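Asker: Here's a sequence, model it:
(4 chains)
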Protein chains: 2
Amino acid sequence: MAARVLVVEDAEPIRTGVGIALAEAGHTVRTRADGDGFERELAEYRPDLVLLDVMLPGRDGFELLTVTRETSNAGVILLTARDGVEDRLHGLRTGADDYVVKPFVLAELIARVEALLRRMGRLRTVLEVGDLAVDVEAGLVRRGGEAIELTATEYKLLAFLAGRSGKVVGKTQLLTAVWGYDDYAANLVEVHVSALRRKLEAHGPRLLHTVRGSGYVLRPPS
Amino acid sequence: MAARVLVVEDAEPIRTGVGIALAEAGHTVRTRADGDGFERELAEYRPDLVLLDVMLPGRDGFELLTVTRETSNAGVILLTARDGVEDRLHGLRTGADDYVVKPFVLAELIARVEALLRRMGRLRTVLEVGDLAVDVEAGLVRRGGEAIELTATEYKLLAFLAGRSGKVVGKTQLLTAVWGYDDYAANLVEVHVSALRRKLEAHGPRLLHTVRGSGYVLRPPS
DNA sequence: GGCCGGCCTGAAGATGTGCTGAAGAACCCG
DNA sequence: CGGGTTCTTCAGCACATCTTCAGGCCGGCC
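Answerer: Below is the predicted model of the structure:
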């Protein structure tokens, strides 16, 4: 679910900024200032995605794009200072998967990276709280590597709490979100929280805490 | 590379222009002015690519995007008059593959369409899940080398599940994608899953698992 | 300490969900 | 127009899960 990304960009501030942003988004990153040894890096690092600056000292981005296509099936996003329809067309026709014009907002670059990874099936949405991981798409819950079997209601409950971990969630809120109830049936929530805890705490300390008088919080042990 | 493209755009000049340009580029095109009957068209026409205007009368492009993702494997490009990073981010995060801002040069749109198709074409046409191989192009299914005979419905069902292996797929989703149904007929799905399992499990352990209360997943035995 | 309200939990009946065999309908092929 | 295949509907069963209820626990407050 965490992707490997290779960034080739000669401008140091951009290279670093992009690298940090990608790392923060949970990906593994390697950066290079030019195309030297690019083939070796491709073969060794096996990136899922390559970000290529078009204007580089030595071999330019288009050349590296061709190399990438020939020797791997990584996705490719081109970065360039040039704008204009002609340039964009050239970039896309050469076989890039996407094309981002400098200056760009980092958030957008990250969004495009993730859109591409998602399309390639290399990205997965996982909510994490401490050693607990909830994979929403796969409907899987694991704690410390071990899978935990939950019923549909327990799963909905956990997913909702995990989606706002660290925040206190009231029973009324849970009844609405998980059950679609509009009336107050506190015990219903309590029963299911109890069942959920039993399963979660078979693999570690308490994560789902009671906040007397307010509701529940999902929070890693401090 | 001829593809089936579905265009949903309410402005007549754009709709027609895009349609003609795509046809000239060698693709098959269908156009609609709004989202009515969109699900049915998706199921019947089975486009490779969908172009969605964001601002539509009735259901907007984001809504149709979600529907597309849930019930098909088509690529999605959003068209919009709005610009601004916020809109682009929203579009990409919602899961669009690309995002084109109006007014656009037709040539660029076509280039983006082809870039996306190329990207999708690089994806394996043989889907593998454990020892099961589904060759989408040849319509062949084999498990551990041995060919398995499936009926048309069973095959569509399996192909859809294989295309999103590891992800939980709801019965409603399956009904829409495989049958083009819009109403809930759970047992229909169950009967065919049952038949499919009988054939699949004649050659190995269970791959098609039930997720009670949610749907089914195709997942190799862990 | 004693009381109160909020919370936890085991048990049990009610409900829901999924599986399967069988039968009729629809379809396809010659 | 048959004959075979495939699809859909129906009904019954098995069992997992939900909800309710009741009793007990715990923390805070007087």
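Asker: Can you classify A:Ala96 as helix, strand or coil?
Answerer: The local conformation at A:Ala96, judged by DSSP: H, G, I helix; E, B strand; the rest coil, is coil.
Asker: Whether the lowest-mean-pLDDT helix or strand in chain A contacts chain B - can you check?
Answerer: Lowest by mean pLDDT, DSSP states H and E among the helices and strands of chain A is helix A:85-93, with a mean of 72. Yes. With Cβ under 8 Å from any Cβ of the partner chain as the measure, helix A:85-93 is seen reaching chain B through A:Val85, A:Arg88, A:Leu89, A:Leu92, A:Arg93. In short, each C-beta sits where N, CA and C put it, glycine included.
Asker: if I pick the residue of chain A at minimum distance from chain B, what's in contact with it?
Answerer: Ranked by Cβ to the nearest Cβ, the top residue of chain A for proximity to chain B is A:Ala152, at 2.8 Å. Contact analysis of A:Ala152 by Cβ atoms under 8 Å, 6 or more residues apart in numbering or on different chains lists B:Arg212, B:Gly213, B:Ser214.
Asker: ok so, going back, counting neighbours, which of the residues of helix A:85-93 next to chain B end up buried?
Answerer: Neighbour counting by 16 or more other Cβ atoms under 10 Å in any protein chain shown classes A:Arg88, A:Leu89, A:Leu92 among the residues of helix A:85-93 next to chain B as buried.
Asker: ok, which of those also contact DNA strand D?
Answerer: Applying Cβ under 7 Å from any atom of the strand to those, one finds that nothing falls near DNA strand D.
Asker: ok, now which ones touch the nearest residue to A:Arg69 once chain neighbours are set aside?
Answerer: Excluding the flanking residues, the one nearest A:Arg69 by Cβ to Cβ, 6 or more residues apart in numbering or on different chains is A:Gly95, at 5.6 Å. By Cβ under 8 Å, 6+ apart, the contact set of A:Gly95 is A:Leu65, A:Thr66, A:Arg69, A:Val76, B:Ala115, B:Arg118.
Asker: The third one against A:Phe62, yeah?
Answerer: Meaning A:Arg69. No. Between A:Arg69 and A:Phe62 there is no contact under Cβ atoms under 8 Å: 10.8 Å.
Asker: Checking my notes, A:Ser121 in a helix, right?
Answerer: Slight slip there: residue A:121 is Gly, not Ser. No. Residue state for A:Gly121 (three-state DSSP) corresponds to coil; a helix is not indicated.
Asker: Residues of chain A that sit close to DNA strand C?
Answerer: Counting by Cβ under 7 Å from any atom of the strand, chain A sits next to DNA strand C at A:171, A:186-187, A:190-191, A:193-194, A:197-198, A:210, A:212-214.
Asker: rerun that using 6 Å as the cut-off
Answerer: Proximity of chain A to DNA strand C, by Cβ under 6 Å from any atom of the strand, involves residues A:Ala186, A:Asn187, A:Glu190, A:Val191, A:Val193, A:Ser194, A:Arg197, A:Thr210, A:Arg212, A:Gly213.
Asker: top of the residues you listed by neighbour count?
Answerer: Ranked by the number of neighbours (other Cβ atoms under 10 Å in any protein chain shown), the residues of chain A next to DNA strand C place A:Val193 first, at 20 neighbours.
Asker: How far away from the center of its chain is the helix or strand it falls within?
Answerer: Here A:Val193, judged by DSSP states H and E, is contained in helix A:186-200. Relative to its chain's centre, helix A:186-200 lies at 30 Å (Cα atoms, centre = their mean, to the nearest Å).
Asker: now stretch A:12-20
Answerer: With Cα atoms, centre = their mean, you get 19 Å for stretch A:12-20.
Asker: what phi and what psi does the backbone show at the nearest residue to A:Ala3 once chain neighbours are set aside?
Answerer: Counting by Cβ to Cβ, 6+ apart, A:Ala3 lies nearest to A:Asp48, which is 4.3 Å off, once chain neighbours are set aside. Note on A:Asp48: its backbone torsions stand at phi -80, psi -30 [degrees, to the nearest 10].
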